[in-house]
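[1] Show me how the following folds:
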Amino acid sequence: MKNIFLLFLTITWASAQVPGNCSQVIVGIAKNWQSSHVSLSVYEKQGKLWNRIGKTWQGRLGSKGLAWGQGIHPRTDQTAPVKVEGDKKAPAGIFKIGGAYGYATQIARHPQLPYRCITSRDLWVEDRESPSYNKHIILKHSPDTTWEQKAQMRQNDHAHSLKLYIGHNDAIMGGKPVPGLGSAIFFHIWRGGGSKPTAGCTTMAEAMLKQLIARIDPNKNPVYVLLPESEYQRLQKTWRLP
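    Presented below is the predicted three-dimensional model:
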């Protein structure tokens with residue numbers, strides 16, 4: 001595991017940017033690395049300018065705050081932590097956005113945004129020893145082992161009845177997950193009306209999540225930028241952030 005972390009820490013890209021073909025960004029700004037609260041906004045590019053769409057709203061992050069995740073960015077602050085499995089931190093950085101998952105047969109969404117109505121056979125693997133780590137798999141049978149039951153995406157849990165995938169340590173959109181660097185990161189519905197933090201996901205009111213998912217346009221190559229306020233200010237120009 002130590003070698004994995006050393007490899008991750010030696011990533012030395014000169015700079016990172018919101019991809020040139022991206023014209024839709026969800027921006028999440030936390031007060032600091034320790035905060036479990038986040039302010040969220042959607043920006044879309046018109047010409048060369050980023051314009052905020054609608055109002056900023058509030059969400060929750062990991063109970064232990066943030067740590068650098070593995071996305072399409074370098075880790076620029078060597079003093080900040082790196083996300084690992086089970087640390088209860090939300091991954092900071094720039095991440096691609098994937099498809100939506102939920103209990104409903106249909107949801108309001110862009111026709112090109114993938115949506116999966118999950119069943120008892122849908123699993124998301126958080127076992128770092130598994131070759132399917134941080135991957136969505138569909139069983140050909142009903143789950144009958146403790147391992148399979150633990151990995152079920154459908155747990156009759158309202159907070160997870162609708163979710164949007166965040167490409168941290170990604171295996172779906174061209175990446176290769178590194179065992180132990182964190183898995184199953186989503187936007188989903190918050191608990192207790194926003195009174196409870198998460199284990200690493202970004203959560204919000206159900207109405208806001210539905211609006212967000214309906215807004216996501218795969219043709220605009222959307223990404224999620226999540227940073228503490230000081231890091232956002234420091235990197236805004238070089239990373240070409242809104």
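
[2] what sits against the most centrally placed residue in the chain?
    By Cα atoms, centre = their mean, the chain has its centre lying nearest to Ile166, at 2.7 Å. Counting by Cβ atoms under 8 Å, 6 or more residues apart in numbering, Ile166 makes contact with 91, 95, 97-98, 185-187, 201-202, 224. In short, each C-beta sits where N, CA and C put it, glycine included.

[3] Quick check: which helices or strands does the helix or strand hosting Gly99 pack against?
    For Gly99, the enclosing helix or strand under DSSP states H and E is strand 90-102. On a contact count with 3 or more Cβ pairs under 8 Å, 6 or more residues apart in numbering; DSSP states H and E, strand 90-102 meets strand 66-68, strand 115-117, strand 162-166, strand 223-228.

[4] In PDB, list the C-alpha atoms belonging to that strand.
    Written as PDB, here are the backbone C-alpha positions of strand 90-102 (Å, rounded to 0.1, in the frame of the first residue of the first chain):
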ATOM      1  CA  ALA A  90     -14.800  13.700   0.400                       C
ATOM      2  CA  PRO A  91     -12.300  13.600  -2.500                       C
ATOM      3  CA  ALA A  92     -11.100  17.100  -3.600                       C
ATOM      4  CA  GLY A  93     -10.100  17.900  -7.200                       C
ATOM      5  CA  ILE A  94     -11.600  17.700 -10.600                       C
ATOM      6  CA  PHE A  95     -13.700  14.700 -11.500                       C
ATOM      7  CA  LYS A  96     -15.700  13.600 -14.500                       C
ATOM      8  CA  ILE A  97     -19.400  13.000 -14.000                       C
ATOM      9  CA  GLY A  98     -20.900   9.700 -14.900                       C
ATOM     10  CA  GLY A  99     -24.400   8.300 -15.000                       C
ATOM     11  CA  ALA A 100     -27.300   8.200 -12.600                       C
ATOM     12  CA  TYR A 101     -28.700   5.400 -10.600                       C
ATOM     13  CA  GLY A 102     -31.900   5.000  -8.600                       C
END
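
[5] Which residues are in contact with His141?
    By Cβ under 8 Å, 6+ apart, the residues touching His141 are Arg121.

[6] Secondary structure element holding it?
    Going by DSSP H and E, His141 is not in any helix or strand.

[7] where's it relative to Ser230, distance?
    For His141, the distance to Ser230 (Cβ to Cβ, to the nearest Å) stands at 50 Å.

[8] if I pick Gly162, what's in contact with it?
    Actually, residue 162 is Leu. It isn't Gly. 100-104, 107, 188-189, 206, 209-210, 213.

[9] All good on my end, thank you.
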